[in-house]
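>>> The amino acid sequence is not available; the structure is as follows:
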């Protein structure tokens with residue numbers, strides 16, 4: 001898979017203590033939700049992040065791979081962005 005950047009959106013604004021569970025990720029509160037964004041190395045790390053979201057009782061609203069700004073492709077697989 002290779003490293004890809006992801007945006008995960010959860011309901012609510014995360015407290016500093018909960019945000020620490022996502023130490024390598026950037027937290028951005030937006031309209032009563034929190035965007036958790038950053039690089040994910042592989043499927044195992046992605047699944048660990050998703051488990052952590054569930055274990056903390058957070059509601060996942062959206063999960064997306066961030067397309068590379070220069071090519072419009074997702075990093076790691078050369079796939080095209082949906083039209």
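Looks like it came in fine. Because the structure is a prediction, the values reported are computed rather than measured.
>>> which residues are contacting the lowest-mean-pLDDT helix or strand in the chain?
Ranked by mean pLDDT, DSSP states H and E, the weakest helix or strand in the chain is helix 16-19, scoring a mean of 93. For helix 16-19, the external contacting residues (CB atoms under 8 Å, 6 or more residues apart in numbering) are 27, 56, 58. C-beta here means a position set from N, CA and C on the backbone, and glycine is covered the same way.
>>> chain center to that helix, what's the gap?
16 Å (CA atoms, centre = their mean, to the nearest Å).
>>> which parts of it are buried?
Buried residues in helix 16-19, counted by 16 or more other CB atoms under 10 Å: residue 18.
>>> After that helix, which helix or strand is next?
strand 26-30 (DSSP states H and E).
>>> buried residues in that next one?
Applying 16+ other CB under 10 Å to strand 26-30 flags residue 27 as buried.
>>> Surely residue 8 touches residue 35?
Yes. Between residue 8 and residue 35 there is a contact at 7.3 Å, judged by CB atoms under 8 Å.
>>> Tell me which of these two has more neighbours.
Between residue 8 and residue 35, residue 8 has the larger neighbour count (other CB atoms under 10 Å), namely 22 against 17.
>>> who touches that one in this structure?
Counting by CB under 8 Å, 6+ apart, the residues that residue 8 touches are 35-37, 49-50, 53, 60, 62-63.
>>> Of those residues, select the buried ones using a PyMOL command.
Restricted to buried positions by 16+ other CB under 10 Å, the PyMOL selection for these reads:
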select buried, resi 35+36+37+49+53
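>>> So which of the contacts of residue 8 is the closest to residue 2?
residue 49 (16.3 Å; CB to CB).
>>> and the closest one, that's in a helix?
Yes. Assigned with DSSP: H, G, I helix; E, B strand; the rest coil, residue 49 falls within a helix.
>>> wait, what's in contact with it?
Residue 49 makes contact with 6, 8, 22, 25, 36, 40, according to CB under 8 Å, 6+ apart.
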